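> Build the 3D model from these lines:
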Amino acid sequence: MKGIFLLSVSLFEGQLQEAQNVAQSSGGLGADLSHFIMFEYKLPSSLEPILSKSDNDVLSAEQLRISIEARDHLDSIIDKLKKEYPRSRESYGLNRSSLMRDILKQFILKRQDLEKREVHHSSFSFEADKISFLQSVLPFKERDRTIEHFILNSYAPSETEPPESHKPKNMSQIRIKMDVRAFEKLDNIVDQFKGKGLTRADVMRHVVDQLIKELSTTDNVKAFTEEKLDEAVRNFREVHGADRLKEKLTEYDRRQ
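Purely as a prediction, here's the structure:
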């Protein structure tokens, strides 16, 4: 990540503790919540769930550590909603705190559901460059969860763009851990396209193709590409020194 941002927000009393209790990432709540904001949060169809607050609700000032990318994404959601509801009196209550309260509601419910899930493992073969792309834009610990979430919430093959039966060239194999429901959906799609000779692996490869398309059309790619560049620059400077780094960057600039 580019860095960590300390986000000051007003949350419902007890909401932060509840979120900490259900966080799944080994990196703690900050890492898990940052991933959730970037990849899993679903905007409601109206402002009401975001702005909903009863007279009995007690607010508590809290601080959350999230990635700078997640903070930027949070702000982009707020900007988008304010453009969608420019004349709405309710939109004046739209800010980081109100949005984060709704994000945490969804986060807690989904992570509680994850605790109840039945997890299976299976190995799949993909073209090596596709695995490399996923590694470049997704932290390793979040890869399987992102694939699972995409299958359960977004993936819907059609007759116009169906999965195809094929074996990848220059393939690499990876082991994927997902909820049994995600595997069941893959198998149901195999049945849906009977006669095409599909296997679960064929459908999974189509899933990854569609996921890559989605990731490639979002600002996430830019964010993670910048992260990789920052990391490479830091490593080069530590090994070769600042002067050599300047020379190398100048050489690169001349080639463009």
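> And the strands in the stretch 1-150 of the chain, which stretches?
Remark: strands of the stretch 1-150 of the chain, listed N- to C-terminal, are 4-12, 59-67, 119-127; assignment by DSSP state E, counting those that start in this stretch.
> In the last one, which residues are buried?
Buried residues in strand 119-127, counted by 16 or more other Cβ atoms under 10 Å: Phe124, Phe126, Glu127. Any C-beta I mention is one placed from the backbone N, CA and C, and that applies to glycine too.
> packing partners for that strand?
For strand 119-127, the helices and strands in contact under the criterion 3 or more Cβ pairs under 8 Å, 6 or more residues apart in numbering; DSSP states H and E are strand 171-179, helix 180-192, helix 200-216.
> Looking at these, which one is packed in the most?
helix 200-216 (a mean of 19; mean count of other Cβ atoms under 10 Å).
> Next, the angle from that helix to strand 171-179.
Taking axes from the mean of the first three to the mean of the last three Cα atoms, to 10 degrees, one finds that helix 200-216 is oriented at 90 degrees with respect to strand 171-179.
> quick one, helix 200-216 and strand 119-127 angle?
With the same axes, to 10 degrees as the criterion, the two stretches helix 200-216 and strand 119-127 enclose an angle of 80 degrees.
> so what does helix 200-216 touch, helix or strand wise?
In terms of contacts (3+ Cβ pairs under 8 Å, 6+ apart), helix 200-216 is packed against strand 119-127, helix 128-137, helix 140-153, helix 180-192.
> chain center to the first one: distance?
When you say that, I think you mean strand 119-127. 19 Å (Cα atoms, centre = their mean, to the nearest Å).
> how is this protein carved up into domains?
Split into domains by automatic domain parsing, the chain comes to 4-116, 119-216, 220-255.
> worst average pLDDT in those?
Of all those, the segment with the smallest mean pLDDT is domain 220-255, scoring a mean of 71.
> Looking at the helices and strands packed on strand 119-127, spot the one closest to Lys80.
Distances from Lys80 to each of the helices and strands packed on strand 119-127 were compared using Cβ to Cβ; the minimum, 17.5 Å, belongs to helix 200-216.
> Do I have it right that Phe150 meets Val207?
Yes - using Cβ atoms under 8 Å, Phe150 is in contact with Val207, at 6.7 Å.
> Next, Lys169: secondary structure please.
Each residue gets one of three states, and Lys169 gets coil by DSSP: H, G, I helix; E, B strand; the rest coil.
> excluding its backbone neighbours, what's nearest it?
Residue nearest to Lys169 in three dimensions, not counting chain neighbours: Glu127, with 6.6 Å by Cβ to Cβ, 6 or more residues apart in numbering.
> Same question for Gln210.
The shortest distance from Gln210 to any non-neighbouring residue, by Cβ to Cβ, 6+ apart, is to Tyr155 (6.1 Å).
> neighbours around that neighbour, how many?
20 (other Cβ atoms under 10 Å).
> okay if I get the helices and strands packed on helix 200-216 as JSON lines plus distance to Glu18?
As requested, these are exported to JSON lines (distance: least, Cβ to Cβ, whole Å):
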{"stretch": "strand 119-127", "distance to Glu18": "23"}
{"stretch": "helix 128-137", "distance to Glu18": "30"}
{"stretch": "helix 140-153", "distance to Glu18": "20"}
{"stretch": "helix 180-192", "distance to Glu18": "24"}
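> Looking at the ones you listed, which is nearest to Ala61?
For these, proximity to Ala61 was assessed by Cβ to Cβ; helix 140-153 is nearest, at 29.1 Å.
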